[in-house]
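> Here is my input; please provide its structure:
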Amino acid sequence: MYYSTNSPDTIVALATASGKGAIAVVRLSGPEAINITNKIFHGKNLDQQSSHTLHFGTIRDNGRVLDEVVVSLFKAPHSYTKENVVEISCHGSDYIVEQIIRLTLQHGARLAQAGEFTKRAFLNGQLDLAQAEAVADLIASDSRLSHEVAMKQMRGGFSQEIKNLRAQLIHFASMIELELDFSEEDVEFADRSALQNLIYNIQKLIRDLLKSFEFGNVIKHGVPVVIVGKPNAGKSTLLNVLLNEEKAIVSDVAGTTRDFIEDEISIEGISFRFIDTAGLRETTDKVEAIGVERTLKKVEEASLVIYLFDIATTSSQELDQEIKALALDENTALLAVANKIDTVGSASLEAYHAIADTIAISASEKEGIETLKQNLLEKVRGNQLDTSDQTIVTNLRHYENLQQTYTALDDVLTGISSGISSDFLAADIRRALYALGQITGEITTDDLLDNIFSKFCIGK
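Residues are numbered from 1 along each chain as shown. Below is the predicted model of the structure:
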């Protein structure tokens, strides 16, 4: 259940990124936000102005003009925090920002803690907890898909699904609890077969949500892709083509790349972090040997590996041996890429396909690069639907709560099958409701809130 902070404090923080820029925004929230700003702002009397209005004036320190500013006014409860909120847009000088914040502190504000504005929005019922967490995801989003998923969650798409599941369970929980009041009369108000069917349906929905988490992680954090292969297979050339810049040194001399080089691009909304590594071979060069060792470590950490080989000099048998030598984890996706196809003409890939999914490219001629990108997307997406058609779980806390809900519902099903008493059934249903309630914040603890909002930036 949501509750108001009723906080007497008015908080202040820089809401834009620190550092010099064209403008900066200093945000205040709390009962005295307007009064405090009025004491340092020279222009219109903000107390007498309507909510959601802008006002030009100056910020003054004992009569000295500090800056010309625009003040945005949001009166409670029509603001992000449901409190009085003032945003002072000033010039983006570190000195000006520091002085404005200093003046607000002198007149009764205090510095905001990390995530405190959004925490107040949650406590005052403006957002539920899942929506509040989506705010942080939206700020951190760096691709189209991560932005889309965060926006959907911030607008309550995921929360509504959880609330619907919880509402259905609450109905049966109330019937079970009613049975406890009439325990001596041995009556059943909750239809056990209907409850069983409901749980089957809820578990199916939860399985879909749990299954989406792997793809959600990809959307949120991007995909680390390690490019491996023998020296002179064309790894650095491929990295440069993918990034569309000369990031890595390209040379005919084997062992040019001694350490890994990485950079990130977005392919159809998904971030891929490509890592070019030292060529895999036995070497007596100590520096190159360290590079090879680091390559193998990167392979262990990767979720997707591109094994690049020179199709003119590598047989299918050699490819098989080289891939086996990588000892890839079963959860690591592999794409074999036959490079330098322009040197051998229309070579058949059938023998290579028997070993691994294989495509042919010419990195130097930029042939087959779009096909490579599409294959990478298929490896990552699998059977996932378009993000607009489904709810995708991106938060580990939500994933763990859904797992706890699923386990509790399993116990309810076991209890129904074995005919256990209503009080034990009620306890298991309460566990499921508790886990679901923690996702949206209908059930919270101070430690949980502190942990979540401490990861936010100060001004949010």
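> Could you check stretch 51-63 and say which residues are buried?
For stretch 51-63, burial by neighbour count (16 or more other C-beta atoms under 10 Å) applies to 55, 57, 59. The way it works is simple: take the backbone N, C-alpha and C, and place the C-beta from them, glycine included.
> in the stretch 251-400 of the chain, which ranges drop under the pLDDT threshold?
251-260, 278-301, 345-347, 382-389 (pLDDT under 70).
> If we use 50, what do you get?
251-259, 281-285, 287-288, 383, 385 (pLDDT under 50).
> And the helices in it?
Using DSSP state H, counting those that start in this stretch, the helices assigned to the stretch 251-400 of the chain run over residues 286-301, 316-326, 350-353, 369-381, 396-418.
> And for residue 414, the neighbour number?
Neighbours of residue 414 under the rule other C-beta atoms under 10 Å: 11.
> show me what contacts it?
For residue 414, no contacting residues are found, by C-beta atoms under 8 Å, 6 or more residues apart in numbering.
> Could you do residue 147 as well?
Per C-beta under 8 Å, 6+ apart, neighbours of residue 147: 138, 141.
> Check residue 169 too.
Contact analysis of residue 169 by C-beta under 8 Å, 6+ apart lists 198, 202, 429, 432, 433, 436.
> can you list the domains in the chain?
Recorded structural domains for the chain (assignment: automatic domain parsing) are 11-126, 139-218+391-441, 222-363.
> now the first one: mean pLDDT?
Confidence over domain 11-126, taken as the mean pLDDT, stands at 95.
> how distant is it from the center of its chain?
29 Å (C-alpha atoms, centre = their mean, to the nearest Å).
> Would you agree residue 200 falls within a strand?
No - under DSSP: H, G, I helix; E, B strand; the rest coil, residue 200 falls outside any strand and is assigned helix.
> give me the number of residues near it?
Neighbour tally, residue 200, other C-beta under 10 Å: 11.
> So what's the residue count around the residue lying closest to it once chain neighbours are set aside?
Counting by C-beta to C-beta, 6 or more residues apart in numbering, residue 200 lies nearest to residue 413, which is 8.0 Å off, once chain neighbours are set aside. By the criterion of other C-beta under 10 Å, residue 413 has 15 neighbours.
> which residues does residue 413 contact?
By C-beta under 8 Å, 6+ apart, the neighbours of residue 413 are 196, 199, 200.
> Now distance to residue 459 too, for the domains of the chain, in TSV please.
Listed next are the domains of the chain as TSV, based on distance: least, C-beta to C-beta, whole Å:
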stretch	distance to residue 459
domain 11-126	4
domain 139-218+391-441	10
domain 222-363	25
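> Relative to residue 378, which of those is closest?
domain 222-363 (9.1 Å; C-beta to C-beta).
> Quick one: end-to-end length of the closest one, please.
Distance across domain 222-363, first residue to last, is 23 Å (C-alpha to C-alpha, to the nearest Å).
> Run through the neighbouring helices and strands of the host helix or strand of residue 218.
Take DSSP states H and E as the rule and residue 218 turns out to sit in helix 192-221. Other elements packing on helix 192-221 under the criterion 3 or more C-beta pairs under 8 Å, 6 or more residues apart in numbering; DSSP states H and E are helix 144-154, helix 157-181, strand 270-276, helix 369-381, helix 396-418.
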